[in-house]
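1. sequence first, predicted model second:
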Amino acid sequence: MQTLFIRGPSATARMVVLVIASITLMTVDHRWRSLEFARSALSNLIYPLQYTIDLPIQLFYWADESFSTQQALLEKNREFEARHLENRVQLQKLDIIEKENERLRKLLSAIPKTTERLLISEIINVDVDPYRQLIILNKGSSNEVYQGQPIIDAQGIMGQIVHVGPLSSTAMLITDASHAIPVQVNRTGLRAIAFGSGKTDQLNLRHLPHSVDIKAGDLLITSGLGGTFPPNFPVAIISKVERPAGEPFALIEAKPHAQLEKSREVLLVWRNKAEETSEKNDAAANDETDSEKIDSNQENDSGNNSGTEKKVKPNQRRGNRE
């Protein structure tokens, strides 16, 4: 009977042959490098297949990395934009604080050494009455603010307190139509009264004759008379001087030195007691001097009158004799 299948070597025999062949090839290659060319040729043949098989995996990794990188970049971009916005806000706050500090430094630099006490106050409101020049401050009687107290900014006199509440107070600006302040021309020492015009950029000097020595550009300062405003504070700059023919007085206008429409902080000023006493003594001395001058003039007038009478009497006697 003929067999259908030819029986070959067993699996064990084949494995033994392959192992022996592998060891032999490894030994020969290790010692003599005789299979290097065959290995290189085989690698060149296999590489396209390896590349083709690995390409989808590399594409997947590349796409995943690109998507992750894009997401990370978007997140970083959002974070940077948020930080940039925060930094801009902080810079704006710093700029505001810097400008406020600059205003306060200028405000404090305007303080004379003769003042006894000072208090910084903020303007919290402006009176809406178009015929009044009034502002509301955030300091009141609880801070010992008193009626008639002067207020200044970094440039000069702004006005005075006209009403005091427990936590706030009302101040009248020097440009109010009902306000008047004693001033002095810094160049010549001429004393005058500056009246408010109802406009925030104008003061009027009234009842000054044409011959008065004053010109545009002259600085007006507080004279200290009246006891309300301390002396030597800037008040206004003369802006207009006219001497109209046929009028007894000159037309004189001045622009306030203080920033009445721009200042946000003001200083409340308490006057030095020694300064007030000195001014009172000076005023009393001036009154005494004026009284002495008046008495002297009266004595001279009476002396002249008596001399005239003495001269007239002999003439009268002669007339009687005749």
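-> Nice, I can see it.
2. all strands of the stretch 1-150 of the chain, in order?
-> 117-126, 134-137, 150-152 (DSSP state E, counting those that start in this stretch).
3. helices and strands around the shortest one, which ones?
-> Here strand 150-152 touches strand 157-164, strand 265-270, going by 3 or more CB pairs under 8 Å, 6 or more residues apart in numbering; DSSP states H and E. For every residue, glycine as well, the C-beta is placed using N, CA and C.
4. same deal with the second one?
-> For strand 134-137, the contact count by 3+ CB pairs under 8 Å, 6+ apart identifies strand 117-126, strand 157-164, strand 169-173 as packing neighbours.
5. hmm, try it at 7 Å
-> Judged by 3 or more CB pairs under 7 Å, 6 or more residues apart in numbering; DSSP states H and E, strand 134-137 is in contact with strand 117-126, strand 169-173.
6. which residues touch the longest one?
-> What that stands for is strand 117-126. 107, 111, 135-139, 143, 264-270 (CB atoms under 7 Å, 6 or more residues apart in numbering).
7. at 6 Å what do you get?
-> Residues from elsewhere that reach strand 117-126, judged by CB atoms under 6 Å, 6 or more residues apart in numbering: Ile111, Ile135, Ile136, Leu137, Asn138, Lys139, Arg264, Glu265, Val266, Leu267, Leu268, Trp270.
8. what does the last one give?
-> Residues from elsewhere that reach strand 169-173, judged by CB under 6 Å, 6+ apart: 133-137, 140, 145, 151, 159, 161-163, 179, 260.
9. where does the stretch 201-322 of the chain dip in pLDDT?
-> For the stretch 201-322 of the chain, applying pLDDT under 70 flags the ranges 272-322.
10. swap the cut-off to 80 and go again
-> Confidence mapping of the stretch 201-322 of the chain against pLDDT under 80 gives the ranges 271-322.
11. so which of the helices and strands packed on strand 134-137 is the most packed in?
-> strand 169-173 (a mean of 23; mean count of other CB atoms under 10 Å).
12. ok, the next helix or strand along the chain from that one: who's next to it in the sheet?
-> The helix or strand immediately downstream of strand 169-173 is strand 180-185, counting by DSSP states H and E. In the sheet, strand 180-185 lines up against strand 191-196 (antiparallel), strand 219-222 (antiparallel) (DSSP bridges).
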